[in-house]
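A.B. asks: structure for the following, please:
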Amino acid sequence: MPFSTCDLCDAHADALTAGTLAVLPPVFSSYGACGSFAGPAYTLKVFEDNALVRTTLETRGAGQVLVIDGGGSLRGALVGGNLGALAVQNGWAGIVVFGAVRDVVELNACDIGIRALGLHPQRSARAGVGNINVRVMIAGVAVTPGSWIYADADGVLVSTLPIH
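C.D. replies: Below is the predicted model:
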């Protein structure tokens, strides 16, 4: 389904006012071969630990967007090239990381859209600490499991319901 986040904002100004549609702050960089992606959110809350990210991406994504609240940490990467390829293989629509990613050349070759705060060459810990499918805060915006994520070159939107 082709869409434009600008057009969605224009068509749903009432939802923006009501708070059922929100725009993530423009702090994310774009990675991956897909410039736009959309789908229901599956959320993770982790901090400098990507074991749950791998476990999640090993499951069938069914067109969902993995939204990772990494606490905004830029001290290590939560997603790299191997996990990007795994996400594609398992049918995830996209990934939003409130944190860092790595292996940018590999990520950019993956047929998926990824938004992250930045790059860091060091991998994160792998202890498996975190929370799965809980309400998270991404750059000050609440994302609940099942919220709809729309991302393109102009930004990232979070909606409580699917919009067209």
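A.B. asks: quick check: longest helix of this structure.
C.D. replies: Counting by DSSP state H, the longest helix found in the chain is helix 81-89.
A.B. asks: name the residues that touch that helix?
C.D. replies: 31-32, 50, 53-54, 57-58, 61, 66, 95, 102-103, 105-107, 109-112, 114 (C-beta atoms under 8 Å, 6 or more residues apart in numbering). C-betas here are computed from N, CA, C, even on glycine.
A.B. asks: which of the residues you listed fall within strands?
C.D. replies: The strands, defined by DSSP state E, take in Tyr31, Leu66, Ile95, Ile114 from the contacts of helix 81-89.
A.B. asks: nearest to Pro121, of these?
C.D. replies: Taking C-beta to C-beta as the measure, Pro121 lies nearest Tyr31 of the ones in strands among the contacts of helix 81-89, at 14.2 Å.
A.B. asks: please name the residues that touch that closest one.
C.D. replies: So Tyr31 contacts Gly84, Val101, Val104, Leu107, Asn108, Ile114, Arg115, Ala116 (C-beta under 8 Å, 6+ apart).
A.B. asks: which parts of this structure are helices?
C.D. replies: For the chain, applying DSSP H gives helices covering 5-11, 13-18, 51-57, 81-89, 104-109.
A.B. asks: and the nearest residue to Ala62 once chain neighbours are set aside, its phi and psi?
C.D. replies: Excluding its sequence neighbours, the residue lying closest to Ala62 (C-beta to C-beta, 6 or more residues apart in numbering) is Gly91, at 5.9 Å. Note on Gly91: its backbone torsions stand at phi 80, psi 30 [degrees, to the nearest 10].
A.B. asks: quick one: contacts for Gly91?
C.D. replies: Arg60, Gly61, Ala62, Gly63.
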